[in-house]
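1. can you look at this prediction? I've put the sequence above it.
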Amino acid sequence: MASLLMFVTLLHLITLAVLFIATMEKSWWVWDGTEHSDLWYNCRFDNETEAWFCSSSEETEWLQAVQVLMILSVVFSAISFLIFLGQLFTISKGGLFYLTGICQAFAGLIAFTAVLIYTLHNKEILQDSRELSSGHFGYCFYLAWVCVPLLLCSGIMYIHLRKRQ
């Protein structure tokens, strides 16, 4: 049981870190390696100065929805970890970690909604950027998709986890 507890804790921390990276890094959409866009900035590489020049993304309703949902997902996952630590020391023997599991699963559903919105509405989100056919989704987009099943699975694991002495 102790190994399962350590596994779930490590899974939670790794998922939280990957979710944070996916939310804050600069690669949700990439054009030929010289330009990329994320939830916050559009960046372009200048060959003359060999520097990245970034400007704030134009805030459409869909982009704001994705931004809010990704931040909420990180917040709910962090809160669920704090709740887990609190329950670990206060819950009675045989108790279940329902609240932790529900918060974690809710974070997964929120992240799923955010990434799904970005997938379906990337044309509206990136409307003032270059032609979308010459670009592709970046690694942060894929990290966010990887977090969705990890968050849901860890939430389900927390719900089934019982405290033992």
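-> Done, it's in. Model, not experiment: these values are computed from the prediction. Residues are numbered from 1 along each chain as shown.
2. element containing Cys54, please.
-> With elements taken from DSSP states H and E, the one containing Cys54 is strand 51-56.
3. can you name the element that comes right after that strand?
-> Assigned by DSSP H and E, the successor of strand 51-56 is helix 61-90.
4. show me what that following helix is packed against.
-> For helix 61-90, the packing partners by 3 or more C-beta pairs under 8 Å, 6 or more residues apart in numbering; DSSP states H and E come out as helix 2-24, helix 98-120, helix 122-125, helix 139-160. From N, CA and C alone the C-beta is placed, and that goes for glycine too.
5. now do the buried residues in it.
-> 62-63, 65-67, 69-74, 76-81, 83-84, 87 (16 or more other C-beta atoms under 10 Å).
6. got it, and stretch 11-22?
-> For stretch 11-22, by 16+ other C-beta under 10 Å, it's Leu11, His12, Thr15, Leu16, Val18, Leu19, Phe20, Ala22.
7. roughly how far apart are Cys140 and Ile91?
-> Distance, Cys140 to Ile91, using C-beta to C-beta, to the nearest Å: 36 Å.
8. between these two, which one's more packed in?
-> Per other C-beta atoms under 10 Å, whichever of Cys140 and Ile91 has more neighbours is Cys140, with 23 against 17.
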